[in-house]
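> Sequence below, structure please.
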Amino acid sequence: MSLEGAIAANGNNRGWGIIALRSLLSQSKADNRPNLPLLGVSLHSGVTQRSANDGRPAASEDLTAYKVVAPGNIIMNRLGKPHGSVGMSPWNGITSPAYWVMGINRQLGESRFFHHLLRSSHLIAECERLGKNQPPNQFDISWDAFRAVEIPLPPIEEQRRIADFLDFETARIDRLTRLRNRQADLLEERCGLALDEAFQNSTYEPTRLKYLLAVKPRYGVLVPQFSDSGVRFIRVNDLLDLPGRAESLAKIPYELSAQYARTVTRPGDVLLSVVGTMGRSAVVPPQLAGANVARAVASLRARRGVPPELLSTWLTTPSFLRQASDVTGSDTAQPTLGMEDLSNFRLSWPVDERGRAELLQTASTIRRHQRELTRVLEAQRRVLAERRQALITAAVTGQFDVSTANGRNVTDGVSA
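Numbering: from 1, shown residues only. Presented below is the predicted three-dimensional model:
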């Protein structure tokens, strides 16, 4: 079984020999070393050392069945959409028994080369082609199908040159990506401080949030099932771009939604994340009237004269987040903001309509500038990610000779 379309698309101009992965990779199933460090693998980072607060599901209490990993082993999560959660481990450790731990035939293969090869776009695409659909969002590739994949394989010295080149170039791209991420964090911080300053006008009146609401804030609901048709259902991640996600929202059955009439949304309702990630907020647009919201999302209905957009903006400021942290604690794995605590949060609020309109305009200008700069940073990060992947695929398929490649061309147009 060869790479369907991949060799034709990428060519084999270097005339490398074609070999099946079964001749190069073998599974290791050693276990019963529960005291070794716990390792994970991801699409973006490859193999990483796990920590208690890394956001992943907790490991089993009994780690004796976890597989032993040695430096140079390849860890791969065979489930995925997309595939690509694979990488070489530089550490001794243990990992989930659901993952493959693979050793390399050292006479034929260089581990660092296979780290890049198995994360290249054409190998990821091949795993998806061979994988079987596992609803709702995974594909499972069998060991037999994976090890039957055939690849053009350069001589081992050439593998090492390719690995050296890609280690250096991907590290450079990763450094630029980290800089863009840091710029995005600083932009968020700067805009937050600007919004806080805008709300701290000496003419504004200190008030509690509950006096700006028509009814008490309320949690959403825990839903046991979803369906292909029914009432749209808003979750925490949907708050990042609620109007843009309107057509792709999950749905719950009509009969189930009827049981939760108290949390049905109206246009202008303000939604707020109150479990886990705090400070995400959005205003319900007209096209989402009648939707329902998840348990981790609170609904707030503003009183007459209180602009929902202005209220939603305040719910994303550092001032709000500090109060949320004070009542939920910073060391809680899954902080939950109580509705009574939320109702009693304090803020400075313009007493007249003109003041509210001016504050809304100022806040809108700050957010607009933030969105514009964020789009620029996102575009640059997207270019870096695309060039990184294109570089890896071109190098491991022999589309250019890395010994003569000009690495300076890799990041053209995206300066530090």
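> use CA for all of it now, contacts and neighbours both
Fine.
> Which stretches in the chain count as helices?
With helices called from DSSP state H, the chain shows them at 6-10, 111-117, 121-130, 143-147, 156-199, 254-257, 308-314, 318-328, 339-343, 353-396.
> pretty sure residue 308 contacts residue 302?
Yes: using CA atoms under 8 Å, residue 308 is in contact with residue 302, at 6.2 Å.
> what do the two both touch?
Shared contacts of residue 308 and residue 302, defined by CA atoms under 8 Å, 6 or more residues apart in numbering, comprise 268-270.
> who wins for neighbours among the residues you listed?
Comparing the shared contacts of residue 308 and residue 302 by number of neighbours (other CA atoms under 10 Å), residue 270 comes first, having 25 neighbours.
> what pairs with that residue across the strands?
Note on residue 270: beta-bridge partners by DSSP bridges are residue 283, residue 300.
> same thing with residue 218?
residue 299.
> any idea how far it is from residue 169?
50 Å (CA to CA, to the nearest Å).
> Repeat that for residue 99.
From residue 99 to residue 169 the distance is 28 Å (CA to CA).
> same check, this time on residue 198
Residue 198 is 44 Å from residue 169, by CA to CA.
> So for the two, which sits in the more crowded spot?
The neighbour comparison of residue 198 against residue 169 (other CA under 10 Å) goes to residue 169, with 19 against 16.
> And that one, what's its pLDDT?
Listed pLDDT for residue 169 reads 95.
> how far does stretch 374-386 sit from the chain's center?
Distance of stretch 374-386 from the chain centroid (CA atoms, centre = their mean, to the nearest Å) equals 15 Å.
> Residue 393 and residue 125 touch, don't they?
No: in this structure residue 393 lies outside contact range of residue 125 using CA under 8 Å: 11.5 Å.
> For these two, work out which one has more neighbours and name it.
Just comparing residue 393 and residue 125: by other CA under 10 Å the higher neighbour count belongs to residue 393, 21 against 18.
> and the more buried one, what is it in contact with?
The contact partners of residue 393, by CA under 8 Å, 6+ apart, come to 117, 120-122.
> domain parsing for this structure?
Following the assignment in automatic domain parsing, the chain carries domains at 6-153, 155-189+352-416, 205-349.
> Who are the contact partners of the residue nearest to residue 88 when sequence neighbours are not counted?
Nearest non-adjacent residue to residue 88, counting by CA to CA, 6 or more residues apart in numbering: residue 74, 4.4 Å away. Residues in contact with residue 74 (CA under 8 Å, 6+ apart) are 86-89, 100-104, 111, 115.
> Kindly reformat these as CSV and extend each row with distance to residue 60.
Converted to CSV, those look like this (distance: CA to CA, whole Å):
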residue, distance to residue 60
86, 21
87, 22
88, 23
89, 21
100, 17
101, 18
102, 22
103, 25
104, 28
111, 29
115, 27
